[in-house]
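Engineer: Kindly generate the corresponding structure for this input.
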Amino acid sequence: MPVKIPDNLPATDILESENIFVMSESRAAMQDIRPIRVLILNLMPNKIETETQLLRLLSNTPLQVDIELLRIHDKASKHTPMDHLNTFYRDFDEVKGRNFDGLIITGAPLGQLDFEEVTYWEHIKEIIDWSQTHVTSVLFLCWAAHAGLFHLYGLKRQLLEVKCSGVFEHRRINAHVPLLRGFDDVFYAPHSRYAQMDVAEIKAHPQLSVLAESAQAGAYLVISHDHRNLFVTGHPEYRKGTLRDEYLRDVAAGINPPVPQNYFYNDDPDEEPVARWFGHGNLLISNWLNYYVYQLTPYDLDDISAITPWERANGG
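Structural biologist: Down below sits the predicted model:
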């Protein structure tokens, strides 16, 4: 089944050229199917690139997914045309009175700032708090994962002396949870961040479980016990060349970044990157959509509340 996206979204041509099944709003309106409604809060500077990355993953499922795009403010962007933002993005005031099956909050280039120093931190907190009663399941990516763990559960991150950048080996800790169905015991995932959470502190928290971790990159998949919040500290959505683009950008800026680990052939930045996380990335998002959104969400979205369907089914 396709992912449903707004008519004329630039990602359409890119995805169709890759033989990925997408459907326009006007065509989807002719089908009598209750789609899964997923809201994407896109905090990345190049919003079109991030949209395309996420839509690749969301389209790899038998479900029809109805996508809406959310921005954190209406200010001009250096990397995305204002016409694109005004055409395809909604402001929070336009959606806060509605419910959604799923919400994805992306990473953001804010890794070296304290959360309270982020200009729109209060707005981020407002959206996270809103999601706990208006969304069946929330997927936090990279910076957003750290922000969500801090705001919802009081867990602090530690800034790193050297950026964590590369493709790292991970192991699944609990093979018997729906999110990890089909996963290999060991899998790879990209990371690109300046901070890290303490694995021991997460494991000690009474409301959280670590599902997968890396000896080098720390906790990777963390889920709340009510299954409403899933935290992914890496970037399963990245395309093959994304880490290379980030590395070259930082080199050009004179930052002297570390070469992304386990990414280039022979760890040589003059060689081609090796993509070995695509299978994991697609399976992760498919499992999230199926087991934590579609299987748990009420048919009538007005029934979403602070008590999740998973909690109701398990006496919560």
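
Engineer: Gly279: how many residues sit nearby?
Structural biologist: Applying other Cβ atoms under 10 Å, we find 14 residues neighbouring Gly279. Heads up, the C-betas are built off the backbone N, CA and C, glycines and all.

Engineer: how close does it sit to Asn60?
Structural biologist: 10 Å (Cβ to Cβ, to the nearest Å).

Engineer: which helices and strands sit right next to the longest helix belonging to the chain?
Structural biologist: Of all segments of type helix in the chain, defined using DSSP state H, the longest is helix 121-134. The contact analysis (3 or more Cβ pairs under 8 Å, 6 or more residues apart in numbering; DSSP states H and E) places helix 121-134 against helix 92-95, strand 100-105, strand 135-141, helix 143-153.

Engineer: Check what contacts the first one and list those residues.
Structural biologist: It stands for helix 92-95. Contact partners of helix 92-95, identified using Cβ atoms under 8 Å, 6 or more residues apart in numbering, comprise Leu39, Glu68, Leu70, Ile72, His123, Glu126, Ile127, Trp130.

Engineer: Now the second one: which helix or strand?
Structural biologist: It refers to Glu68. Using DSSP states H and E, Glu68 sits within strand 65-70.

Engineer: Centre-most residue in the protein?
Structural biologist: The residue lying closest to the centre of the chain (Cα atoms, centre = their mean) is Leu141, at 3.7 Å.

Engineer: who's in contact with the longest helix of the chain?
Structural biologist: 41, 70, 72-73, 92, 96, 98-100, 103, 105, 115, 118, 138, 147-148, 151-152, 228, 304-306.

Engineer: before we move on, what about stretch 205-222?
Structural biologist: Counting by Cβ under 8 Å, 6+ apart, 145, 149, 153, 155, 164, 166, 168-174, 177, 179-180, 183, 187, 189, 191, 196-199, 202-203, 223-226, 230-234, 261, 284 sit against stretch 205-222.
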